[in-house]
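>>> pasting a predicted model and its sequence here:
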Amino acid sequence: GQIIPERRFVEAINREAYQYQMGDFPMEWEAWIRKKRNDPPTIEEILKNENYREEMKHKIKDVTEKEKLLQAKEYSEGLVAEPVQTRVKGHASAPYYGKKEPSQDPTSTASTFQPGSWMPPGSGSSQNK
């Protein structure tokens, strides 16, 4: 009276089983192995889905190119302001402003206080004090 669950597996060809990674099998086979679908996929189904994915990639590429052209046209006509590129390097009130690593020395900036941190001997730039 005990029901044994079905075990699904795919035998590796041309490689050892440990060399396979996620994405090496078509998604349809992955779904069947993980019991997300009842029937194993057919070759026709896999090819149809692969062609559909390629077609969608081309359509997405075309749409993004058209969008870039439209955006460039709007920038040139002055309809839309171009985004400003800013680069944040740090803030003066940050406890590690301008430093690459925490130091053993305590720091104080405005109303904040950062106690010194313990550094193992020989690991930091401040080892010979």
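Nice, I can see it.
>>> when you work out contacts or count neighbours from here on, use the C-alpha atoms and nothing else.
Will do.
>>> what residues of the helix or strand where residue 65 lies count as buried?
Residue 65 is part of helix 43-77 when elements are defined by DSSP states H and E. For helix 43-77, a neighbour-count test (16 or more other CA atoms under 10 Å) marks nothing as buried.
>>> what's the average pLDDT for it?
Helix 43-77 shows a mean pLDDT of 94.
>>> by contact count, what packs against it?
Packing contacts for helix 43-77, counted by 3 or more CA pairs under 8 Å, 6 or more residues apart in numbering; DSSP states H and E, involve no helix or strand.
>>> swap in 10 Å and give it another go.
Packing partners of helix 43-77 (3 or more CA pairs under 10 Å, 6 or more residues apart in numbering; DSSP states H and E): helix 27-33.
>>> which residues touch the helix it packs on?
Contacts with helix 27-33, where a contact means CA atoms under 10 Å, 6 or more residues apart in numbering, come from 7-10, 22-25, 35-42, 45-46, 49-50.
>>> residues contacting residue 70?
Applying CA under 10 Å, 6+ apart to residue 70 gives the contacts 64, 76.
>>> that should have said residue 78, apologies.
residue 72.
>>> cool, the one 4 residues further on as well?
Residues touching residue 82, when contacts are defined by CA under 10 Å, 6+ apart, comprise 71-72, 74-76.
>>> how is the chain carved up into domains?
8-41, 42-80 (the TED database).
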